[in-house]
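> quick check, what structure comes out for this input:
(one chain, ligands or ions: 2)
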Amino acid sequence: MYIKNLPVIFRHSHDLSYIIRVNLFGNHCPANNRNGLSLPRKPTPGRHRLIMKIKDKSFKILITEDKLQDRIATLGKSINQDYKGKEPLFIGILNGSFMFVADIMKSITLPSEISFVKLASYKEMTSSGTVKELIGLNENLFGRHVIVLEDIIDSGLTITSVMEQIKERGAASVAVATLLLKPEALKVEVEIKYTGFEIGNEFVVGYGLDYDGLGRNTTAIYQLK
Ligand code: IMP
Ligand code: MG
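Ligands and ions are numbered 1, 2, ... in the order given. Got it, this is the predicted structure:
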């Protein structure tokens, strides 16, 4: 009874309740944060479903939230090191990259700008697929170090077209950071500087990625069952 009440009593005191609760139940609590106590992430059971149904399809979990967040923070640190002394311009490709962009930017400590673009598809076909024009890019790219943030690279045609258009606008350098890569699906050679996870050819949803417009609003990534 007494233990049960503790969280309520201390809720507003730097969440002391949580520290006590964690310690009372003997969970690991490494001492390395500002207060000498590191709070583990809140318990995850029930936080994300293992199976998700969207319309006629069933999806099972592929990458958990914790794995995503750890990997994204690592990518962010690599970018901080590689671009030390520079002021990069990050360009997120909408819609799929919105969660990835939001999370990776939290670990970027460089002075940097962020912009988002969309791709408009045209019916006209070229040898490398449908022409996709970047829309919504108002920044002057001349002399800028651009880092394109993408949710997933499948055939590689989209990102190739994006990189070409950025180079045409006079960027000093263009690098790609993609959360997911399907190496076996690549149809063109693409230089990808930062990759979160390499996955198989399975269709995935969640954490920004959609199936028929749905399923973007999850903290984990799911694959078609
Ligand atoms: P690419 O041009 O074939 O590399 O396709 C890249 C785009 O296709 C991504 O930005 C996604 O919008 C979409 N896409 C590719 N694979 C998947 C998937 O497994 N789930 C959801 N969207 C995908
Ligand atoms: Mg995309």
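> C-alpha only now, for contacts and for neighbours.
Noted.
> list the contacts of the residue most central in space within the chain.
Central residue of the chain (C-alpha atoms, centre = their mean): F100, 2.1 Å from the mean position. Applying C-alpha atoms under 8 Å, 6 or more residues apart in numbering, we find F100 in contact with I72, L149, E150, D151, L179, Y207, G208.
> likewise for L149?
F90, I91, G92, I93, S97, F100, V101, V176, A177, T178, L179.
> hang on, the earlier thing: save the contacts of F100 as a markdown table, and put in secondary structure and pLDDT too.
Formatted as a markdown table, the contacts of F100 follow (DSSP: H, G, I helix; E, B strand; the rest coil; pLDDT from 0 to 100):
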| residue | secondary structure | pLDDT |
| --- | --- | --- |
| I72 | helix | 98 |
| L149 | strand | 98 |
| E150 | strand | 98 |
| D151 | strand | 98 |
| L179 | strand | 98 |
| Y207 | coil | 98 |
| G208 | coil | 98 |
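> how about low-confidence regions in the protein?
Residue ranges of the chain with pLDDT under 70: 1-47, 122-131.
> what parts of it come near ligand 1?
Counting by C-alpha under 6 Å from any ligand atom, the residues of the chain lying close to ligand 1 are 96, 151-158, 203-205, 209-210.
> pull out the buried residues from the contacts of F100.
Taking 16 or more other C-alpha atoms under 10 Å as the criterion, what is buried in the contacts of F100 is I72, L149, E150, D151, L179, Y207, G208.
> closest to P111 out of those residues?
Lowest distance from P111 to these (C-alpha to C-alpha) belongs to L149, with 16.7 Å.
> hmm, who's touching stretch 59-77?
49-53, 100, 103-105, 107-108, 179, 194-196, 205, 219-225.
> of these, which belong to strands?
I51, M52, K53, L179, Y194, T195, G196, V205, I221, Y222, Q223, L224 (DSSP state E).
> quick revisit: okay, the contacts of L149 in CSV with distance to K77 next?
Formatted as CSV, those follow (distance: C-alpha to C-alpha, whole Å):
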residue, distance to K77
F90, 15
I91, 18
G92, 18
I93, 21
S97, 19
F100, 15
V101, 14
V176, 15
A177, 12
T178, 15
L179, 14
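> between these, which is closest to Q81?
Using C-alpha to C-alpha, A177 comes nearest to Q81 of these, at 14.4 Å.
> give me the buried subset of the contacts of stretch 59-77.
The neighbour-count test (16+ other C-alpha under 10 Å) applied to these identifies 52, 100, 104-105, 107-108, 179, 194-196, 205, 219-224 as buried.
> fine, thanks again, bye for now.
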